[in-house]
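S.K.: model this:
(2 chains)
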Amino acid sequence: MKKYTNTGSKDTRSGFGAGMTELGQKNENVVALCADLIGSLKFDDFKKNHPERFFQIGIAEANMIGIAAGLTIGGKIPFTGTFANFSTGRVYDQIRQSVAYSDKNVKICASHAGLTLGEDGATHQILEDIGLMKMLPGMTVINTCDYNQTKAATIALAEHHGPAYLRFGRPVVPNFTPADEPFIIGKAIMLNEGTDVTIIATGHLVWEALIAAEALEAKGISAEVINIHTIKPLDDEAILKSVAKTGCVVTAEEHNILGGLGESVARVLALNTPAPQEFVAVNDSFGESGTPEQLMEKYKLNHQAIVEATERVIKRK
Amino acid sequence: MVHAVNSGHPGGSLGCAEFLTVLYQHQMQRKAGFDMNGIGEDLFFLSNGHISPVFYSVLARSGYFPVSELATFRKLNSRLQGHPTTHEGLPGIRMASGSLGQGLSVAIGAAQSKKLNSDQHLIYSLHGDGELQEGQNWEAIMYASAKKVDNLIATIDYNGQQIDGSTDDVLSLGNLKAKFEAFDWDVLEITEGNNIEAIKAGLAEAKSRTGKGKPVCVLMHTVMGNGVDFMMHTHAWHGKAPNDEQLANGLAQNKETLGDY
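M.R.: Numbers count the residues shown, from 1 in each chain, chains lettered A, B, ... in the order given. Prediction:
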């Protein structure tokens, strides 16, 4: 099994902040908007270095999305930042009409996605955002796995024309993606080649998938691990090629089982080569207060859950 | 147009015909042709997208697309969707509208984009009065003054009507002028919002007040369904098409009509 090294755990949101800092220097059309969460989104450097291009909107997310859409008219590239819940569910209609349907080049950047927000509880732990965003025609949906990948994705989005949703999180997690790895929107990353099962993971579950693959290797199961950072457009080719070899799939994501990566993968398989699939995801429920580790264990979103799902799916081949 | 497809919104359209005509053919500084960024020209955003019939009609007669295309309004494969959209590439449209309450935020963003580009031109927007019941407007109204967005003239189509009745009956807007002023906007009124000369004077005055640190609001008193006696002063024609007889009656009352139907 290919070895991955944690070069120093960091939060993915800091990768976003670092990406914004670099974009601020590189691209004068990039502007940033925030709804009273500068520290949480790591906008401090961008605000300090480019005050004229930083827009503090206040606690008014609907207005933020509309202003971002308007800023594109004149050639600006707006990056909006708030928590994932307030970036999507709260402003769905504003995104739908003023951004997606209007084909505006707005980058909706969302921190604190999923359960790993932790103690704040279900009001802030959105588990439906991938589904909400992927259903919008023309919307690119990205969920990054570590600091380096989040930084690279942020920078890549400035060069991509069209509405996009970038999802990342709060907890400190292993950073293992090479800092110089190019981020190609829509292109899956093969992390480990295997023959018995395809594990397709996104976001914080990618590292868990790598740990699971090691545990499976010890049990004599050869797992292929694919990092899907772009949920839409999905890399159908990479998925189909892998499943043609392994014959079964486990998907893993910090999201509701309904509407997430797993459903997107199932659609691709159903249309091409149906194969047994198990889902590591939240089983249609809200979250609750707790530490990130406690929540990931309780809701079965960790490497143990991926191992168990793999053992189940292999029996179904 | 509305009669031809037996659907659409004639009331608000008739009430804003004079305003949009003056805005496009007299007030705004526009470039020839159309590009999305609109740098170096004044821009307009329609927030109350349901008055698309008059918007399309004015756009066509302002040179954005052929007048003959108006005949495709609301038909399959048309660029003239029921509510305006950029999705079909219709020149003159920079933002989809229809779901109410979003246009002011977009107009503010476009105004701030102009400032970043050192573009001295203005942003105009139009909003229904009933539309102000949507909360997003008040986020935007608070923001525009706090951030000194003073290159923006937002006009309210103050006809006092909405789908279910008068705005007073449905959800009173209260003292709208006092509300905008309390949010630190510069407010002026056009009391005869269906009078071409009054609109010209009002918009000229509004323009003279831009660049002074405050966003400008024009409360434009209009009559819904203006020019057609049986459509006037009622909410009944918000979203209803006239039949053959009603169309003939309405047209007979407007001899000067250009025949966009």
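S.K.: Please work out how many residues are found near the closest residue to chain B within the stretch 201-317 of chain A.
M.R.: Chain B sits closest to A:K232 of the stretch 201-317 of chain A, with a gap of 18.4 Å, by CB to the nearest CB. To be clear about C-beta, it is placed using only N, CA and C from the backbone, and glycine gets the same treatment. Residues lying near A:K232 (other CB atoms under 10 Å in any protein chain shown) number 20.
S.K.: With adjacent residues omitted, what lies nearest to B:K115?
M.R.: B:N151 (6.6 Å; CB to CB, 6 or more residues apart in numbering or on different chains).
S.K.: phi, psi of residue 76?
M.R.: By default, I'm working from chain A. Taking degrees, to the nearest 10, you get phi -80, psi 160 for the backbone angles of A:K76.
S.K.: surely it meets B:L116?
M.R.: Yes - counting by CB atoms under 8 Å, A:K76 does reach B:L116; the two are 6.5 Å apart.
S.K.: Chain B contacts on the stretch 51-200 of chain A?
M.R.: A:52-53, A:55, A:57-58, A:60, A:62-76, A:78, A:93-94, A:96-98, A:101-103 (CB under 8 Å from any CB of the partner chain).
S.K.: roughly how far apart are B:F65 and B:L59?
M.R.: From B:F65 over to B:L59 the distance is 7 Å, taken as CB to CB, to the nearest Å.
S.K.: joint contacts of these two?
M.R.: Residues touching both B:F65 and B:L59 (CB atoms under 8 Å, 6 or more residues apart in numbering or on different chains): B:L90, B:P91, B:G92.
S.K.: coming back round to it: between A:K76 and B:L116, tell me which one has more neighbours.
M.R.: A:K76 (23 against 16).
S.K.: mind checking how far the helix or strand of chain B with the lowest mean pLDDT is from the chain centre?
M.R.: Least confident helix or strand of chain B, by mean pLDDT, DSSP states H and E, is helix B:2-5 with a mean of 88. With CA atoms, centre = their mean, to the nearest Å as the basis, helix B:2-5 stands 21 Å off its chain's centre.
S.K.: Next, the one residue sitting closest to the centre of chain B: secondary structure please.
M.R.: What sits nearest the mean C-alpha location of chain B, by CA atoms, centre = their mean, is B:L126, with 3.7 Å. State at B:L126, reduced to three classes by DSSP: H, G, I helix; E, B strand; the rest coil: strand.
S.K.: Kindly state the beta-bridge partners for it.
M.R.: B:L46, B:T155 (DSSP bridges).
S.K.: repeat for A:I199
M.R.: On the basis of DSSP bridges, A:I199 is bridged to A:V225, A:V250.
S.K.: ok, back up a step: when B:F65 and B:L59 are compared, which one has more neighbours?
M.R.: Using other CB under 10 Å, the more surrounded residue of B:F65 and B:L59 is B:L59, with 26 against 18.
S.K.: rounded to a whole number, what's the mean pLDDT of the host helix or strand of B:D168?
M.R.: Using DSSP states H and E, B:D168 maps to helix B:167-171. For helix B:167-171, the mean per-residue pLDDT is 96.
S.K.: thought the residue nearest to B:K115 was touching B:G213?
M.R.: No - with contact defined as CB under 8 Å, B:N151 and B:G213 do not form a contacting pair (10.8 Å).
S.K.: Comparing those two, which shows the higher neighbour count?
M.R.: Neighbour totals were compared for B:N151 and B:G213, and B:N151 leads with 21 against 11 (other CB under 10 Å).
S.K.: Quick one: residues contacting the more buried one.
M.R.: Contacts for B:N151 (CB under 8 Å, 6+ apart) come out as B:A111, B:K114, B:K115, B:Q120, B:H121, B:L122, B:I123, B:T210, B:G211.
S.K.: taking those residues one by one, which sit in helices?
M.R.: Using DSSP state H to define helices, the subset of these located there is B:A111, B:K114, B:K115.
S.K.: ok, the last one - how many residues close by?
M.R.: By that I understand B:K115. A count of neighbours around B:K115, defined by other CB under 10 Å, yields 16.
S.K.: ok so, going back, and the buried ones among the shared contacts of B:F65 and B:L59, selectable in PyMOL?
M.R.: Restricted to buried positions by 16 or more other CB atoms under 10 Å in any protein chain shown, the PyMOL selection for these reads:
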select buried, chain B and resi 90+92
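S.K.: would you list the shared contacts of B:F65 and B:L59 in JSON lines and tack on distance to B:F19?
M.R.: Conversion of the shared contacts of B:F65 and B:L59 to JSON lines gives the following (distance: CB to CB, whole Å):
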{"residue": "B:L90", "distance to B:F19": "20"}
{"residue": "B:P91", "distance to B:F19": "21"}
{"residue": "B:G92", "distance to B:F19": "16"}
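S.K.: for the shared contacts of B:F65 and B:L59, which one is nearest A:L269?
M.R.: Taking CB to CB as the measure, A:L269 lies nearest B:L90 of the shared contacts of B:F65 and B:L59, at 39.5 Å.
S.K.: Excluding chain neighbours, what is closest to residue 9?
M.R.: Just going to use chain A. Here the residue nearest A:S9, using CB to CB, 6+ apart, is A:V172, at 4.8 Å.
S.K.: not what I meant, chain B
M.R.: What sits nearest to B:H9 in space, not counting adjacent residues and going by CB to CB, 6+ apart, is B:H50, at 4.3 Å.
S.K.: pretty sure the one you found belongs to a strand, no?
M.R.: No - going by three-state DSSP, the assignment for B:H50 is helix, not a strand.
S.K.: For it, give me its contacts.
M.R.: B:H9, B:G12, B:H83, B:G98, B:H238, B:G239.
S.K.: cool, A:D36 as well?
M.R.: Going by CB under 8 Å, 6+ apart, A:D36 touches A:Q56, A:I57, A:G58, A:I59, A:T82.
S.K.: Return stretch A:32-44 as CSV; C-alpha atoms alone will do.
M.R.: The C-alpha coordinates for stretch A:32-44 follow below in CSV (Å, rounded to 0.1, in the frame of the first residue of the first chain):
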residue,chain,number,x,y,z
ALA,A,32,-13.9,38.7,-1.0
LEU,A,33,-17.2,39.0,0.9
CYS,A,34,-17.9,37.9,4.4
ALA,A,35,-20.9,37.9,6.7
ASP,A,36,-19.3,38.7,10.1
LEU,A,37,-17.0,35.7,10.2
ILE,A,38,-13.6,37.0,9.2
GLY,A,39,-11.7,35.0,11.8
SER,A,40,-13.6,31.8,11.2
LEU,A,41,-13.0,32.0,7.4
LYS,A,42,-9.4,33.1,7.7
PHE,A,43,-10.0,36.2,5.7
ASP,A,44,-7.7,38.3,8.0
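S.K.: Just the mean pLDDT for that stretch, thanks.
M.R.: Across stretch A:32-44, the average pLDDT comes to 98.
S.K.: chain center to that stretch, what's the gap?
M.R.: 19 Å.
S.K.: Flag every buried residue along that stretch.
M.R.: Per 16+ other CB under 10 Å, stretch A:32-44 contains these buried residues: A:A32, A:L33, A:C34, A:A35, A:L37, A:I38, A:S40, A:L41, A:K42, A:F43.
S.K.: Could you do stretch A:249-261 as well?
M.R.: Going by neighbour count (16+ other CB under 10 Å), the buried part of stretch A:249-261 is A:V249, A:V250, A:T251, A:A252, A:E253, A:E254, A:H255, A:N256, A:I257, A:G259, A:G260, A:L261.
S.K.: Just the ones of the residues you listed in strands?
M.R.: Among the buried residues of stretch A:249-261, the ones falling in strands (DSSP state E) are A:V249, A:V250, A:T251, A:A252, A:E253, A:E254, A:H255, A:N256.
S.K.: Save the residues you listed as JSON lines, and put in pLDDT too.
M.R.: As requested, those are exported to JSON lines (pLDDT from 0 to 100):
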{"residue": "A:V249", "pLDDT": "98"}
{"residue": "A:V250", "pLDDT": "99"}
{"residue": "A:T251", "pLDDT": "99"}
{"residue": "A:A252", "pLDDT": "98"}
{"residue": "A:E253", "pLDDT": "98"}
{"residue": "A:E254", "pLDDT": "98"}
{"residue": "A:H255", "pLDDT": "98"}
{"residue": "A:N256", "pLDDT": "98"}
